[in-house]
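[1] Mind folding the following:
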Amino acid sequence: QVQLVESGGGLVQAGGSLRLSCAASGSLSSINTLGWFRQAPGKEREFVARISRNGLSTYYTNSVKGRFTISRDNARKTVYLQMNSLKPEDTAVYYCAAADTPFVETADRYDYWGQGTQVTVSS
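    Numbers count the residues shown, from 1 in each chain. Here you go, the predicted structure:
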């Protein structure tokens, strides 16, 4: 089993920045992909970004490219999401997820999920 705990959410003005963290624990040897998803009220959960096991491969949804950066510190078993130039439409609950399968971007391919952290961007 893998446990994921997110932190770093909060309220920020448009144009501001936040850094989300996700601490992983448990049996991590099978995990190949770590990702971030988000879910706004009344909307489906959507993919935001993912990073490979060695950190060399990253992928972003178009709406966050150039503004968000995903990274990982394997020694600390933590994945980060640096969010800059935040917009009101980025408001959502952000979830960290882990997958045994490499290079996946759909929620149904992820095996483990955190509890989520709220990000609210005011205009």
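[2] what about the residue nearest to Cys96 when sequence neighbours are not counted, helix or strand, and which?
    Take Cys96 and drop its neighbours on the chain: the residue closest to it by C-beta to C-beta, 6 or more residues apart in numbering is Cys22, 3.3 Å away. Where you see a C-beta, it was placed from the backbone N, CA and C, and this is true even at glycine. For Cys22, the element it lies in under DSSP states H and E is strand 18-26.
[3] picking that back up, just give me the neighbour total for the residue nearest to Cys96.
    Neighbours of Cys22 under the rule other C-beta atoms under 10 Å: 25.
[4] Let me see the mean pLDDT of the strand holding Cys22.
    Over the span of strand 18-26, the pLDDT mean works out to 97.
[5] what comes into contact with it?
    Residues outside strand 18-26 that contact it (C-beta atoms under 8 Å, 6 or more residues apart in numbering): 1-10, 12, 31, 34, 36, 76-83, 86, 94, 96, 98, 114, 117, 119.
[6] those strands in the chain, which residues are they?
    2-7, 10-13, 18-26, 33-39, 46-52, 58-60, 68-73, 78-83, 92-99, 112-113, 117-122 (DSSP state E).
[7] closest to Thr106 out of these?
    Thr106 lies closest, by C-beta to C-beta, to one member of the strands of the chain: strand 46-52, at 6.8 Å.
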